[in-house]
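Colleague: Whatever this is, show me its structure:
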Amino acid sequence: MTTHPGRARALALIAAVSAVALAFATPVALADEIPLAPGHRLVEHYDGAPAAARPVPGDAPAQHPHLAPNGRSGMHADGAGSGTHPFSGPLGRDPKVSSEKIAAVGGECATVTFDAGGRLLTVCGTFSGFLLKLLDPRTLDTLAEYKLPQRSSTVEAITRLDFEKIFKDTSGGAYFYLDDRDRVVLADSRQHVLRIAHRQKSHGAWEFVVEDDWDLTPLVPHDCVSWTNLFPSGVCDPVTSVMPDWDGRIWWVTRLGRVGTVDPATGTLRAIRLSGEEIQNSFSVAEDGVSIVSDHALYSFRADADGTPRVQWRQTYDRGTGTKPGSVNQGSGTTPDLFGDGGPAGPYVAITDNADDRMNVLVYRRGVDVPAEQRLVCKVPVFGSGASTTDNSLISWGNSLVVENNYGYENPTSLTFGRSVVGGAARIDVRPDGSGCDTVWESDVRSPSTVPKLSTANGLLYFYEKRPNPLGVDAWYLTAVDFRTGKRAWQRLTGTGPAYDNNWAPITIGPDGTAYVGVFNGIVAVRDGG
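Modeller: Next up is the predicted model:
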């Protein structure tokens, strides 16, 4: 990853190291609000006007039989990776902001899911280890907590003063899913897949219970950095993500290109290796297979009878000549989107590439029998020359795709002192007959690193925006954009300072209409007033 040299960055990293030392020395109360940095009185707190709810027509992705209902099962909302929620998010009517500080430094709550009672299940990153937390949806109070082991990247960052290790690490439980019985399924930093239930005890308190623990280390190299193994001589291959297929088999992928399965009934493990390829993102599942993108190619997989992953088809793409600022590695930064199942020319799968000059949105037909020369539906360049990349999933609804530009963002030190990114978002539609794609609109919204979301119930896209500020104020906003036109409807200040940087975390719309955003210091909630 290209770094940004300069005195400002050096000072920021020194401050971060000092804060880490303080975090180990001082206990932190979990119920605190995230403090605002100086300058919050110098910026607009609300701009725009309340929107009217205008549901967008279309069919939701097929409900995955082994996931919680669409909209509340994972980072990308459903098994297809659509990034859409069936709940109406805030409309901008006197929106109120609340937050919870998880740790003195760090504490970001990335993936947010919801159980049947509307309670939040989330994994929050701290320097002592990830925390699986059950939160009250209104107060954000912690109802239960389960500590996951510390990631090797955290130990490396502290001992080698290289905080890029943390900000580019997608392993350890950040990508988890909620299954059809409201159980969290994740892969921890020990290369174990855990299935964790939560329950309320007789006296009313909540607790987490590990129901299943599958050890992947017989198939995954695990000589990782730890406090007792600071200089390992072997290979460490962290597990990036887990998802179930349509038969209930749990699939997992690793950073160094291993693709495997766990049979939850027998514990049988199977795996293959995509030699020389990395997998840094999550993946998507439909009835016709498992879609995984590496830094070289897009794949469709199925499992053989014994659980061994088998490639149905493979499609290479333009991976460019290097890693751009705003990307985790040299390759697509997207989780595949599976969409268009009901259309005459579908079904489709969409990703972005990593082309040098302008990134392209790529749409492919995903049928197994599609001839190679007919698989590509369209290749649409987006954003400006020499300044386009994304490390977040697309939004897909009907035959529409929305893509965001993350070029220039690397970590919370990238945007301090009032800086921002070039930004941009665009909507691209596949033509009804599948003959190609067209750009519907482009927006100048500056959303540095958010997994954006669409509320299909009200027709609003939600971005987490930071605009340049000549006074050096780092102001962060939840911004609502009209899905049909690409115009801003309204924006609400969530906070000021690096603690409010979302650092790749998604926006998530809850069943009660609240928009939640994981931020560097914890989690923020925005809901309509009244």
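Colleague: mind listing what the one helix or strand residue 110 maps to pairs with, with the direction of each?
Modeller: Following DSSP states H and E, one finds residue 110 within strand 108-114. With DSSP bridges as the test, strand 108-114 is paired with strand 120-126 (antiparallel).
Colleague: Show me the contact partners of the strand it pairs with.
Modeller: The contact list for strand 120-126 (CB atoms under 8 Å, 6 or more residues apart in numbering) reads 23, 102-103, 106-115, 130-137, 140, 148, 166, 172-174, 176, 178, 182, 184, 186, 198, 510, 516, 518, 522-523. C-beta coordinates here come from the backbone N, C-alpha and C atoms, glycine included.
Colleague: Select only the buried ones of those residues in ChimeraX?
Modeller: Selection command for ChimeraX covering only the buried members of these, criterion 16 or more other CB atoms under 10 Å:
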select :23,102,103,106,107,108,109,110,111,112,113,114,115,130,131,132,133,134,135,137,140,148,166,172,173,174,176,178,182,184,186,198,510,516,518,522,523
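Colleague: you'd agree residue 215 is up against residue 192?
Modeller: Yes. Under the criterion of CB atoms under 8 Å, residue 215 makes contact with residue 192 at 5.4 Å.
Colleague: The two: who's more crowded?
Modeller: Taking neighbours as other CB atoms under 10 Å, residue 215 and residue 192 compare with residue 192 leading, 20 against 15.
Colleague: how much space between that one and residue 54?
Modeller: Distance of residue 192 to residue 54, computed by CB to CB, to the nearest Å: 45 Å.
Colleague: got it, and residue 387?
Modeller: In terms of CB to CB, residue 387 sits 32 Å off from residue 54.
Colleague: so how far is residue 253 from residue 289?
Modeller: Where residue 253 is concerned, residue 289 sits at a distance of 14 Å (CB to CB).
Colleague: Between these two, which has more neighbouring residues?
Modeller: More crowded of residue 289 and residue 253, by other CB under 10 Å: residue 253, with 29 against 23.
Colleague: tell me which element that one is part of?
Modeller: Secondary structure (DSSP H and E) places residue 253 in strand 250-254.
Colleague: tell me the mean pLDDT for that strand?
Modeller: Averaged over strand 250-254, pLDDT sits at 98.
Colleague: got the contact list for it?
Modeller: Contacts with strand 250-254, where a contact means CB under 8 Å, 6+ apart, come from 185, 187, 193, 214, 216, 220, 237-245, 259-262, 264, 279, 283, 285, 290, 292, 301, 303, 309.
Colleague: Next secondary structure after that strand?
Modeller: Next along the chain after strand 250-254, taking DSSP H and E as the criterion, comes strand 258-262.
Colleague: mind listing what's buried in that following strand?
Modeller: 258, 259, 260, 261, 262.
Colleague: The next helix or strand after it vs strand 258-262, what angle?
Modeller: Using DSSP H and E, the helix or strand that follows strand 258-262 towards the C-terminus is strand 269-273. If you take axes from the mean of the first three to the mean of the last three CA atoms, to 10 degrees, strand 269-273 sits at 170 degrees to strand 258-262.
Colleague: Where does pLDDT dip in the stretch 51-200 of the chain?
Modeller: In the predicted model, the stretch 51-200 of the chain carries pLDDT under 70 at residues 168.
Colleague: if we go to 80?
Modeller: 105, 128, 160-170 (pLDDT under 80).
Colleague: how about the helices of it, start to end?
Modeller: 152-160, 164-167 (DSSP state H, counting those that start in this stretch).
Colleague: right, and those helices - which one's nearest residue 46?
Modeller: Nearest of those to residue 46, taken as CB to CB: helix 164-167 at 30.4 Å.
Colleague: elements contacting the closest one?
Modeller: Here helix 164-167 touches helix 152-160, going by 3 or more CB pairs under 8 Å, 6 or more residues apart in numbering; DSSP states H and E.
Colleague: can you pull out the strands in the stretch 351-500 of the chain?
Modeller: Using DSSP state E, counting those that start in this stretch, the strands of the stretch 351-500 of the chain run over 360-365, 376-381, 395-397, 400-404, 425-430, 437-443, 453-455, 460-465, 475-482, 488-496.
Colleague: want to try a markdown table for those strands, with mean pLDDT, distance to residue 349 and mean neighbour count as columns?
Modeller: Output for the strands of the stretch 351-500 of the chain, formatted as a markdown table (pLDDT from 0 to 100; distance: least, CB to CB, whole Å; neighbours: other CB atoms under 10 Å):
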| stretch | mean pLDDT | distance to residue 349 | mean neighbour count |
| --- | --- | --- | --- |
| strand 360-365 | 98 | 5 | 23 |
| strand 376-381 | 98 | 10 | 18 |
| strand 395-397 | 98 | 10 | 26 |
| strand 400-404 | 98 | 11 | 25 |
| strand 425-430 | 98 | 11 | 22 |
| strand 437-443 | 98 | 13 | 17 |
| strand 453-455 | 98 | 18 | 26 |
| strand 460-465 | 98 | 21 | 26 |
| strand 475-482 | 98 | 25 | 26 |
| strand 488-496 | 98 | 30 | 22 |
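Colleague: Identify whichever of the ones you listed lies nearest to residue 32.
Modeller: Of those, nearest to residue 32 by CB to CB is strand 488-496, at 13.1 Å.
Colleague: immediately after the closest one, which helix or strand?
Modeller: strand 507-509.
Colleague: How about residues contacting that next one?
Modeller: 71, 77, 85, 87-89, 112-113, 450-453, 455, 462-464, 478, 515-517.
Colleague: ok, now with 7 Å
Modeller: By CB atoms under 7 Å, 6 or more residues apart in numbering, the list of residues contacting strand 507-509 from outside reads 85, 87, 89, 112, 450-453, 455, 462, 464, 515-517.
Colleague: same question, stretch 62-71
Modeller: Contact with stretch 62-71 is made by 60-61, 73, 77-79, 85-87, 113, 177-180, 182, 244, 246, 248, 285-287, 341, as judged by CB under 7 Å, 6+ apart.
Colleague: what do you get if the cut-off is 8 Å, keeping everything else the same?
Modeller: Stretch 62-71 is contacted from outside by 60-61, 73-74, 77-80, 84-87, 113-115, 177-180, 182, 244-246, 248, 285-287, 341, 509, 511, using CB under 8 Å, 6+ apart.
Colleague: Report the buried members of those.
Modeller: 60-61, 73-74, 77-80, 84-87, 113-115, 177-179, 182, 244-246, 285-286, 341, 509, 511.
Colleague: Can you flag which of those belong to strands?
Modeller: 84, 85, 113, 114, 177, 178, 244, 285, 286, 509 (DSSP state E).
Colleague: Report the separation between the first one and residue 453.
Modeller: Separation of residue 84 from residue 453 (CB to CB): 7 Å.
Colleague: any common contacting residues for those two?
Modeller: Common contact partners of residue 84 and residue 453 (CB under 8 Å, 6+ apart): 77, 395.
Colleague: Thought residue 290 was touching residue 246, still the case?
Modeller: No. Assessed by CB under 8 Å, residue 246 is found out of contact with residue 290, at 9.1 Å.
Colleague: overlap in contacts of those two?
Modeller: Counting by CB under 8 Å, 6+ apart, nothing touches both residue 246 and residue 290.
Colleague: quick one on the thing from earlier: which of the buried residues of strand 258-262 lies closest to residue 498?
Modeller: Within the set of the buried residues of strand 258-262, residue 258 lies nearest residue 498; the separation is 34.5 Å, counting by CB to CB.
Colleague: residues in contact with the closest one?
Modeller: Neighbouring residues of residue 258 by CB under 8 Å, 6+ apart: 219, 220, 237, 271, 272, 273, 274.
Colleague: pLDDT wise, what is it at?
Modeller: Residue 258 is given a pLDDT of 98.
Colleague: beta partners for it?
Modeller: Beta-bridge partners recorded for residue 258 (DSSP bridges): residue 273.
Colleague: any idea how far it lies from residue 192?
Modeller: Separation of residue 258 from residue 192 (CB to CB): 15 Å.
Colleague: One more: residue 420?
Modeller: As judged by CB to CB, residue 420 and residue 192 stand 40 Å apart.
Colleague: again with residue 485
Modeller: Counting by CB to CB - residue 485 and residue 192 are separated by 47 Å.
Colleague: And for residue 200?
Modeller: 26 Å.
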